[in-house]
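Chemist: This is a predicted model, with the sequence first.
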Amino acid sequence: MFTFLVIFLVSLILSTVITLVINGAWRDEQTDYSNQISNFTYNCKEIYKEIDENMKNDEKLQDIVSRDTIRFKVFIVDKQVKVLFSPENNCIKQFDINKILNQQSKSNFDKNNISYYDIKSLVEDIYVVVSDVLYKGDISFSTLFPLGILIFVDLFLLLTYGKVKYINSLSKGLVEISKWNLNYRVEVKGRDELSILGKNINYMTEELMNLKEKEKEIEKNKNRLIVSVSHDLRTPFTSIIGYIKLIKENYKEKDDISKYIDIIDNKSSRLEELINDLFEYTKLTS
């Protein structure tokens with residue numbers, strides 16, 4: 001039904017939005033950067049160690065700073081914080097180390113991602129700067145998906161509660177009507193398919209009531225006709241019996257017999273006509 005399809009789509013959209021909002025709120029409250037910082041610090045130590053071992057090999061140093069550009073960015077700068085070695089396609093020519101350290105101490109951990117730096121002096125007037133981006137975490141898919149399903153089901157049940165209740169009301173109405181309680185009418189609510197169904201149920205009940213009234217009227221007419229026909233049949237039948245008794249008990253002359261027989265014949269014909277009419281009516285009403 002169109003109504004339930006609309007409710008399904010609305011529930012799906014709302015559950016998706018609510019799940020994303022919950023995920024964002026959880027991320028804001030629950031993200032712990034300590035694990036990311038710990039991993040970053042460990043990797044920095046490995047980078048510092050490798051650079052320290054190759055300080056006199058410029059080619060090797062360039063290879064080191066260009067290696068981990070997907071996650072880390074490594075820069076080697078001098079005392080004037082001029083960039084000596086940097087990842088390929090890098091446009092940074094100079095670092096303000098003091099500014100970086102000052103900004104990092106005031107980092108806004110409410111942002112979705114944070115630039116994080118680690119700076120170390122390996123030899124006199126030479127510094128290594130390693131940068132990384134810390135990301136806010138999300139609820140895992142194994143938790144987020146069931147949560148979204150639960151929210152969707154709750155919303156769908158909530159939005160369809162009224163419709164399901166109305167369907168139950170229509171069902172109870174049909175049960176009452178099936179018991180030939182034709183005075184019962186279902187409540188018509190709304191302007192959707194279910195309200196049309198309710199109107200059709202009431203229309204059907206009204207038609208059944210009219211049909212029942214017609215059947216009662218036909219039955220009454222039939223009973224009246226039977227009474228009338230019975231009376232009409234009794235008259236010629238009684239006459240026939242009476243004249244037969246006259247022939248038996250008061251027989252005198254042949255002329256009297258002929259007269260009585262003619263009367264009996266007329267009454268018999270009339271009786272036959274009435275019986276034929278009754279048969280015809282029975283055929284029409286059966």
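Modeler: Arrived safely, thanks for sending.

Chemist: going forward, measure contacts between C-alpha atoms and count neighbours the same way
Modeler: Fine.

Chemist: what sits against V74?
Modeler: I64, V65, S66, D68, S86, P87, V128, V129, V130, S131 (Cα atoms under 8 Å, 6 or more residues apart in numbering).

Chemist: and those as TSV, adding secondary structure, pLDDT and neighbour count?
Modeler: What follows is the contacts of V74, written out as TSV (DSSP: H, G, I helix; E, B strand; the rest coil; pLDDT from 0 to 100; neighbours: other Cα atoms under 10 Å):
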residue	secondary structure	pLDDT	neighbour count
I64	helix	82	20
V65	helix	82	23
S66	coil	82	20
D68	coil	60	13
S86	coil	81	23
P87	coil	81	20
V128	strand	86	24
V129	strand	85	21
V130	strand	85	22
S131	strand	83	18
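
Chemist: Just the pLDDT for E207.
Modeler: If you check E207, the pLDDT there is 90.

Chemist: give me the number of residues near it?
Modeler: 13 (other Cα atoms under 10 Å).

Chemist: Tell me how far it lies from L182.
Modeler: Note on E207: its distance to L182, by Cα to Cα, to the nearest Å, is 9 Å.

Chemist: next one: N89
Modeler: Separation of N89 from L182 (Cα to Cα) stands at 86 Å.

Chemist: So which of the two has more stuff around it?
Modeler: The neighbour count for N89 versus L182, taken as other Cα under 10 Å, is higher for L182 (18 against 7).

Chemist: Where does the more buried one sit: helix, strand or coil?
Modeler: Of the three states, L182 takes coil under DSSP: H, G, I helix; E, B strand; the rest coil.

Chemist: show me what contacts it?
Modeler: Per Cα under 8 Å, 6+ apart, neighbours of L182: T205, E206, L208, M209.

Chemist: Chain neighbours aside, what residue packs nearest to the first one?
Modeler: Right, the one you point to is T205. Distance criterion Cα to Cα, 6 or more residues apart in numbering; nearest residue to T205, sequence neighbours excluded, is L182 at 5.9 Å.

Chemist: Look up how far E217 lies from that neighbour.
Modeler: With Cα to Cα as the criterion, L182 and E217 are 17 Å apart.

Chemist: cool, F72 as well?
Modeler: Using Cα to Cα, F72 is found at 96 Å from E217.

Chemist: Can you show me the strands along the stretch 101-250 of the chain?
Modeler: For the stretch 101-250 of the chain, applying DSSP state E, counting those that start in this stretch gives strands covering 113-123, 126-135.

Chemist: so what's the backbone phi/psi at Y184?
Modeler: When read as degrees, to the nearest 10, the backbone of Y184 gives phi -80, psi 140.

Chemist: Now it: closest residue in space, sequence neighbours ignored.
Modeler: Y184 sits nearest to I177 (Cα to Cα, 6+ apart), 6.7 Å away.

Chemist: Could you check the pLDDT of that neighbour?
Modeler: The score at I177 is 86. That number is its pLDDT.

Chemist: what's the answer for the one 10 residues further on, then?
Modeler: In this prediction, E187 carries a pLDDT score of 85.

Chemist: and it, what does it touch?
Modeler: S169, L170, G198.

Chemist: how many neighbours does the second one have?
Modeler: So that's L170. The number of residues near L170, taken as other Cα under 10 Å, comes to 21.

Chemist: was I right about it contacting V188?
Modeler: No: using Cα atoms under 8 Å as the test, L170 is too far from V188 to be in contact (9.2 Å).

Chemist: Now the common contact residues for these two.
Modeler: In contact with both L170 and V188: G198, using Cα under 8 Å, 6+ apart.

Chemist: distance of the residue nearest to T205 from M209?
Modeler: With distances taken as Cα to Cα, L182 is found 6 Å from M209.
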